[in-house]
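Engineer: any chance you can model this:
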Amino acid sequence: MSGNTKLPPIEGVPSLPTSERAAILDQLFEPSTQLHTLSVPLLHEKTFESYNDLIAAIGVQLTDLSESASTSDTEWLQSILGSHPRLGAKKVDSEQSQAEQAQLQGNGEEAEQLRKLNEEYERVFSGLKYVVFVQGRGRGVIMEDMRKRIAESDLKSEQIAAIRAMCEIAADRAGKLV
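Structural biologist: Got it, this is the predicted structure:
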């Protein structure tokens, strides 16, 4: 399962081999060994009415990690959140992310501003990358949101915002891939 391959019918997901359940996660989110470890078993153990329900269940798993006092859970979550490509990056492995970020390719000055904001964000939120649902939002709106989130400098709120954005992105992808 790669590229823009359609997602299989939701009712058949629990019976799929582990590798195919992992590939579904890769299409909806981003490739992440930690997300596979966390969520592939869920896709086998539970049936879902829709891909949106599946995405919501993964959102709960990620939120539970964010609320844990365990350092290893925090590191695990940061690794999953960090699997998203840097916003505006020139080299993006995921075809979905390439298409989603295409609108962010601006002139040299805008690209440089975005690069600097990414660096500042990653200094403030060590181990995280800025994740946002970009569909239909211009560069200016997104960069303003980055500045606001950097200024707030609240790691827990940032983790929740990133989880929400990942789930919004996954839901949008699911809508295009079913």
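Engineer: isn't residue 45 up against residue 21?
Structural biologist: No - when contacts are counted by C-beta atoms under 8 Å, residue 45 is not listed as touching residue 21 (10.7 Å). C-beta here means a position set from N, CA and C on the backbone, and glycine is covered the same way.
Engineer: who has more neighbours out of the two?
Structural biologist: Between residue 45 and residue 21, counting by other C-beta atoms under 10 Å, residue 21 is the more crowded of the two (22 against 8).
Engineer: ok, that one - contacts?
Structural biologist: Residues near residue 21 by C-beta atoms under 8 Å, 6 or more residues apart in numbering: 13, 40, 43, 44.
Engineer: which non-adjacent residue is nearest the last one?
Structural biologist: Spatial nearest neighbour of residue 44, excluding adjacent residues (C-beta to C-beta, 6 or more residues apart in numbering): residue 14 at 5.3 Å.
Engineer: just for the chain, where's the confidence low?
Structural biologist: Across the chain, the ranges flagged by pLDDT under 70 are 1-4, 88-107.
Engineer: for burial, what's the neighbour tally of the residue nearest to residue 44?
Structural biologist: For residue 14, the count of nearby residues is 14 (other C-beta under 10 Å).
Engineer: next one: residue 129
Structural biologist: 18.
Engineer: just the one 10 residues further on next, same as before
Structural biologist: Neighbourhood size, residue 139 [other C-beta under 10 Å]: 19.
Engineer: that'll do, ta.
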